[in-house]
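all I have is the shape, not the residue letters:
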């Protein structure tokens, strides 16, 4: 089998096709998902926080943002909930007012446990399992 002559025109055509296919493949990627994977959320790791570093969590009803998207709320003496504040409707960040969450983009509301109380959202806020170690005064969040 003889090697094929590869002239400049063939080289440019092949290069353009490769570039076009590569660009199309890159445009299909969800950049937000890729960037989100750089943060702690959704990585399957445990984040341990010392409650001394979050004085807002010292009393029942207190809350603190522990990452850019995760809030922890103390619901009892040794009970905590951790929620992702991202609205499940169109992915806007919700705002917590002490009694619930409101999405400023489309008006969805959630109670303080992250359950939908008013749409258009139909899914609850993402929650993470927590465990409190009273002896160490630490909270482990399974993200």
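Yes, it's here. This one's a predicted model, so the numbers in the text were calculated from it and none came from an experiment.

where along the protein do the strands fall?
Here the chain has its strands, by DSSP state E, at 46-50, 63-65, 70-74, 80-84, 95-96, 100-102, 109-111, 116-118, 127-133, 138-142.

residue 9: which of these is closest?
strand 80-84 (53.4 Å; Cβ to Cβ). Where C-beta positions appear, they are placed from N, C-alpha and C, glycine not excepted.

pairing partners for the closest one, with directions?
Strand pairing for strand 80-84, determined by DSSP bridges: strand 70-74 (antiparallel), strand 127-133 (antiparallel).

pLDDT of it, averaged?
When pLDDT is averaged over strand 80-84, the result is 91.

adding mean neighbour count and distance to residue 13, write the strands of the chain out as JSON lines.
Formatted as JSON lines, these follow (neighbours: other Cβ atoms under 10 Å; distance: least, Cβ to Cβ, whole Å):
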{"stretch": "strand 46-50", "mean neighbour count": "14", "distance to residue 13": "52"}
{"stretch": "strand 63-65", "mean neighbour count": "16", "distance to residue 13": "53"}
{"stretch": "strand 70-74", "mean neighbour count": "22", "distance to residue 13": "50"}
{"stretch": "strand 80-84", "mean neighbour count": "21", "distance to residue 13": "48"}
{"stretch": "strand 95-96", "mean neighbour count": "14", "distance to residue 13": "54"}
{"stretch": "strand 100-102", "mean neighbour count": "19", "distance to residue 13": "54"}
{"stretch": "strand 109-111", "mean neighbour count": "18", "distance to residue 13": "55"}
{"stretch": "strand 116-118", "mean neighbour count": "14", "distance to residue 13": "54"}
{"stretch": "strand 127-133", "mean neighbour count": "15", "distance to residue 13": "52"}
{"stretch": "strand 138-142", "mean neighbour count": "18", "distance to residue 13": "53"}
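
of all those strands, which one is nearest residue 16?
Using Cβ to Cβ, the nearest of these to residue 16 is strand 80-84, at 42.8 Å.

which residues sit against that closest one?
With contact meaning Cβ atoms under 8 Å, 6 or more residues apart in numbering, strand 80-84 is reached by 41, 57, 66, 69-75, 101, 113-114, 125-130, 132, 139, 141.
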